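In: With the input below, show me the fold.
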Amino acid sequence: MTTPPQLSSNQQLNQIIDQLLVQFAGRFGAETIRRHVHESYLALHREATVMTHLYVLTQRFVTERLTALAQVNGYIPKVEVEVLYVCGGNAGRSQMAAALTRKYGGDWLHVRTAGTRPAAGIHPPVVTALAEVGLLPAMEFPKPLTDEFVQAADVVVTMGCGDACAIHPGRRYLDWELEDPCGQSLAGVRRIRDAIDERVRLLVAELQQPVPL
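Out: Numbers count the residues shown, from 1 in each chain. Take a look at the predicted model:
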């Protein structure tokens, strides 16, 4: 990727790069980290309607990407089952599935989400429907699907994104046919939430590690 001059001289992005160089010292070099920061910033910037938190979200997104890449390369040992939920906007179905999975899963399970066409933010009725069952996705945000996320996953669950998700050997792929909550009433979103809840419970039960005797 050719870096636009304005990114190379962006002080806030350079601060993120410096922090990640410390965090991932011995795992990734400056060029890899710089490329991921600039790619991630541009990907989030394309969909952003409010720039206030863009740098914070960029740092979180890049950290997720580099952590996944470190897992794929064996730099960080995988001690958790990794589940990736993918939908179109990463603003409804995948966010509800992730929140419910975290609720029912334990320390042995880690969840990521992504979208093939990320929205600008999580749909407000989705936030309300999750709050009704005690779940607040306040720290979550729509993010684009990346190859690192797919490669690091043990299970990839797609919801309405067709064949846009890359296929890698050794992963379990599931496709859940669910309505898109975008544009739905709160009652409709509740119905989708409950359908996801049922599927998540079954998936977590299947993935649950046996308790040692």
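In: all contacts plus neighbour counts: C-alpha atoms, from now on.
Out: Noted.
In: Just say helix, strand or coil for the most centrally placed residue in the chain.
Out: The residue lying closest to the centre of the chain (CA atoms, centre = their mean) is residue 113, at 2.7 Å. The local conformation at residue 113, judged by DSSP: H, G, I helix; E, B strand; the rest coil, is strand.
In: which residues does it form a beta bridge with?
Out: Using DSSP bridges, the bridge partners assigned to residue 113 are residue 85.
In: From the chain's centroid, how far away is the strand or helix carrying residue 6?
Out: In this assignment (DSSP states H and E), residue 6 forms part of helix 5-8. In terms of CA atoms, centre = their mean, to the nearest Å, the centre of helix 5-8 is found 26 Å from the chain centre.
In: What of stretch 85-103?
Out: The answer for stretch 85-103 is 8 Å, by CA atoms, centre = their mean.
In: Mind listing what's buried along that stretch?
Out: 85-102 (16 or more other CA atoms under 10 Å).
In: Return the distance of the residue nearest to the centre of the chain relative to residue 130.
Out: Counting by CA to CA, to the nearest Å, the gap from residue 113 to residue 130 is 16 Å.
In: Then residue 100?
Out: 9 Å.
In: Quick one: the strands in this structure, in order.
Out: Assigned by DSSP state E, the chain shows strands spanning 81-87, 109-115, 155-159, 172-175.
In: In terms of secondary structure, what does the last one contact?
Out: Meaning strand 172-175. Contact here means 3 or more CA pairs under 8 Å, 6 or more residues apart in numbering; DSSP states H and E; on that basis strand 172-175 packs against strand 155-159.
In: Show me what the strand it packs on is packed against.
Out: By 3+ CA pairs under 8 Å, 6+ apart, strand 155-159 packs against strand 81-87, strand 172-175.
In: 10 Å instead, please
Out: Applying 3 or more CA pairs under 10 Å, 6 or more residues apart in numbering; DSSP states H and E, one finds that strand 155-159 contacts strand 81-87, helix 93-104, strand 109-115, strand 172-175.
In: coming back round to it: can you pull the residues that touch both of residue 100 and residue 130?
Out: Taking CA atoms under 10 Å, 6 or more residues apart in numbering as the criterion, residue 100 and residue 130 both touch residue 193.
In: hmm, who's touching the helix holding residue 6?
Out: With contacts defined as CA under 10 Å, 6+ apart, helix 5-8 is touched by 13-14, 34, 37-38, 41-42.
In: For residue 67, list the residues it contacts.
Out: Contacts of residue 67 by CA under 10 Å, 6+ apart are 24, 61, 73, 75-76, 148-149, 152.
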